[in-house]
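*Asks:* Return a 3D structure for these sequence lines:
(chains A, B, C and D)
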Protein chains: 2
Amino acid sequence: MTDDDVQRPRGRPKTFDRAHTLDVATQSWWRDGIDGISLNEICRRAGVSKPGVYREFGNEDQLMDAALTHYVDTVLASALASLSAGRPFQETLDGLVAYATHADTPEMPAGCLFAGMRNQQWRLGPVTSAHVDRLRVDAVAAYAAWLQRCVDAGEIELRASAEVTAAFVEAQLTMMLTRTAAGDDPEALRDHARLAFAVLTDTT
Amino acid sequence: MTDDDVQRPRGRPKTFDRAHTLDVATQSWWRDGIDGISLNEICRRAGVSKPGVYREFGNEDQLMDAALTHYVDTVLASALASLSAGRPFQETLDGLVAYATHADTPEMPAGCLFAGMRNQQWRLGPVTSAHVDRLRVDAVAAYAAWLQRCVDAGEIELRASAEVTAAFVEAQLTMMLTRTAAGDDPEALRDHARLAFAVLTDTT
DNA sequence: GGCTTTCCATACCGCTCGGTATTTATTACA
DNA sequence: TGTAATAAATACCGAGCGGTATGGAAAGCC
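*Replies:* A predicted model of the protein is given here:
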């Protein structure tokens, strides 16, 4: 039973490469920033026509939302999954810092698409903006749960509530991602991380 | 001896209000962000014609540079001057945090024009971009000198060099200014500041 | 071969952008 | 009363934007 057995729909078969277009959009917005790449430029890079994109995704807002979903599925989810892997606190934290300061490579741009959207949220359409809000809430909740688990395990002590500390961690990591994307020296940013997170690792 | 005594130049007397235009430009870019306000919109708000602005300032880059200079003269210089006022460390730090989290008022927008330019430096023209570079170097040097004076006075201990710590302080304050401008809760940001700067105030 | 259905891309829409050519208004000087 | 000089605003330029109207291409069905 091959694909040829399925009954083909009535009209002209579609040739639009949705996956490739989504990949180009995600990479472009990730690497060059939300405000650095127009929809026209994405069409040019993906080698597709603009009406094709509108037929497939609806409008720019919905394409951006789809790109964010794609980014979460392929990149962010695994980074956040490390929070519930149950590894030692310092090891998990080091992993987060390493991710937040990773250098630019052809396959993996520096920075983070989600952080970039968060920094320019007022530019986003309503669909993507709501998506970003949801993701941020989820991320902070995941940080808070992780911190609380480490407290319960006696690994760390907190000087503020888990919620406030989680928001602090999120702010620090977002800042590092933003600066990494802007071209700052990753090693210097790791120095900053050491200072910022000393408040978590140093017991009084 | 009044102004009427000075010999007037040959042609039509100028009526362009440079000070007012500069003020409108500074406030607009400060409040609405570098990428939120076009030169066209500034002309509209200031009630001046576009060729008038070009005659007076040259181009958008030079107008932005003039606006940054205006901002430094009227706002930033006094904030940085507190670093060399010789007051107690904690008092000076609290002042910096208070400035970095000040609420939005009609006279004083939240955030900081300089921080906004720093976050979008790739959008700036060459003149303004170079200006931003100079200001950042100066600011970090001022922070480093302040920290070193406090170390010498026995007020604080550092876990990294004065230069690294100064860059860390600058990064934290810039992040707070950015978030304040984005509408984050100032009280929550002050909580973050307490955590971030604990590394300075808590002796081991 | 028509006919419908679906997808395709070219070419266009109205708008805003940074920047400027052009014409008119206002002055000093001869 | 010209004439040169300076500054004013209107109206325009080319380019890029997000978004779409339109007509043709490729399929199944009769």
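*Asks:* Could you give me the buried positions within the helix or strand containing A:Leu135?
*Replies:* In the assignment (DSSP states H and E), A:Leu135 maps to helix A:126-152. Under the neighbour-count criterion of 16 or more other Cβ atoms under 10 Å in any protein chain shown, helix A:126-152 has A:127-129, A:131-132, A:135-136, A:139-140, A:142-144, A:146-148, A:150 buried. Bear in mind the C-beta positions are built from the backbone N, C-alpha and C, glycine included.
*Asks:* any idea which helix or strand comes after that helix?
*Replies:* helix A:162-181.
*Asks:* Would you mark the buried spots in that next one?
*Replies:* A:162, A:164-181.
*Asks:* is chain B contacted by it?
*Replies:* Yes. Contact of helix A:162-181 with chain B (Cβ under 8 Å from any Cβ of the partner chain) involves A:164-165, A:167-168, A:171-172, A:175, A:178-179.
*Asks:* Quick check: of the residues you listed, which lies closest to DNA strand D?
*Replies:* A:Thr178 (21.5 Å; Cβ to the nearest atom of the strand).
*Asks:* Next, work out how far apart that closest one and DNA strand C are.
*Replies:* 24 Å (Cβ to the nearest atom of the strand, to the nearest Å).
*Asks:* residue contacts, that residue?
*Replies:* A:111, A:115-116, A:119, B:119 (Cβ atoms under 8 Å, 6 or more residues apart in numbering or on different chains).
*Asks:* Make a ChimeraX selection of the buried ones in those residues.
*Replies:* In ChimeraX, this line selects whichever of these come out buried by 16+ other Cβ under 10 Å:
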select /A:111,115,116,119 /B:119
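*Asks:* And the spatially most central residue of chain A, which helix or strand is it part of?
*Replies:* Nearest to the mean C-alpha position of chain A, counting by Cα atoms, centre = their mean, stands A:Phe114 at 3.7 Å. Secondary structure from DSSP H and E places A:Phe114 in helix A:113-119.
*Asks:* Return only those of the buried residues of helix A:126-152 found close to DNA strand D.
*Replies:* Filtering the buried residues of helix A:126-152 for neighbours of DNA strand D using Cβ under 7 Å from any atom of the strand leaves an empty set.
*Asks:* picking up where we left off before, is the helix holding A:Phe114 in proximity to DNA strand D?
*Replies:* No. Counting by Cβ under 7 Å from any atom of the strand, DNA strand D has no neighbours in helix A:113-119; the shortest distance is 14.4 Å.
*Asks:* what about that helix, average pLDDT?
*Replies:* Averaged over helix A:113-119, pLDDT sits at 98.
*Asks:* Which of the residues of helix A:162-181 next to chain B sits closest to A:Ser49?
*Replies:* Checking these against A:Ser49 with Cβ to Cβ, the nearest one is A:Thr178 at 33.5 Å.
*Asks:* Tell me who's in contact with the nearest residue to A:Leu83 once chain neighbours are set aside.
*Replies:* Nearest residue to A:Leu83, sequence neighbours excluded (Cβ to Cβ, 6 or more residues apart in numbering or on different chains): A:Trp146, at 4.1 Å. Contact partners of A:Trp146, counting by Cβ under 8 Å, 6+ apart, are A:83-84, A:92, A:166.
*Asks:* Also A:Ala110?
*Replies:* A:31, A:102-104, A:180-181, A:183.
*Asks:* Kindly recompute the last result at 7 Å.
*Replies:* A:102-104, A:180-181 (Cβ atoms under 7 Å, 6 or more residues apart in numbering or on different chains).
*Asks:* Please consider this matter closed, and thank you.
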